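Student: Give me a model of this one.
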Amino acid sequence: MVTVKMLKPYYIKADDNYVRVILAYQYFAVFINNKVYQFVPIESKEIRINRRTKKVENLGARFAFQKGKDIIYMAMSELISLPDFLVQLHSIADPYYLNKEIKSEPDYESEAIIDELEQLNMKRLIDKALDDRDYEAFQSLVKLL
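Tutor: Next up, the predicted model:
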């Protein structure tokens, strides 16, 4: 059984189309048969994710994991079949994805505060128009109340 112990990017590089998660020693480890294997950058060292579709693009990449002298290779296609790998990977890449849906839940408390501030500001402008004896400004502001 294979599970991800730790997945941290060495650094993240984003361009117009892809998020590239670059891996290095001690930043990626997996449990394989209850033994911890550390990532070693022998072959692939990058995970390439499409920023629009949020899918891993380099499925043919092979990653090496080492414990002592024992080295195990895993293809990206094997890694993405691990749910905990995908969860951690998407949480890392999430800030770089495009076309995020903006949740527009109405914030009634904020709207009420803004309405109250606008009313107070309107009253101050009316007071200023009265102080300046500006009858036209006074009439136009009173209509807005």
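Student: Check this protein for its longest helix and report it.
Tutor: Ordering each helix of the chain by length in residues (DSSP state H) puts helix 108-131 first.
Student: which other helices and strands contact it?
Tutor: Packing partners of helix 108-131 (3 or more C-beta pairs under 8 Å, 6 or more residues apart in numbering; DSSP states H and E): helix 135-144. Just so you know, the C-beta spots here come from the backbone N, C-alpha and C atoms, and that holds for glycine as well.
Student: tell me the mean pLDDT for the helix it packs on?
Tutor: Along helix 135-144, the predicted local confidence has a mean pLDDT of 85.
Student: For it, give me every contacting residue.
Tutor: The set of residues external to helix 135-144 that reach it, using C-beta atoms under 8 Å, 6 or more residues apart in numbering, is Met122, Leu125, Ile126, Ala129, Leu130.
Student: likewise stretch 32-42?
Tutor: Residues outside stretch 32-42 that contact it (C-beta under 8 Å, 6+ apart) are 1-2, 5, 23-31, 63-67, 70-72.
Student: Separate out the buried members of those.
Tutor: Applying a neighbour-count criterion of 16 or more other C-beta atoms under 10 Å, the buried members of the contacts of stretch 32-42 are Val2, Leu23, Tyr27, Phe28, Ala29, Val30, Phe63, Ala64, Phe65.
Student: In contact with the second one, which residues are there?
Tutor: For Leu23, the residues meeting the contact criterion (C-beta under 8 Å, 6+ apart) are Pro9, Tyr10, Phe39, Pro41, Lys45, Glu46, Ile47, Phe63.
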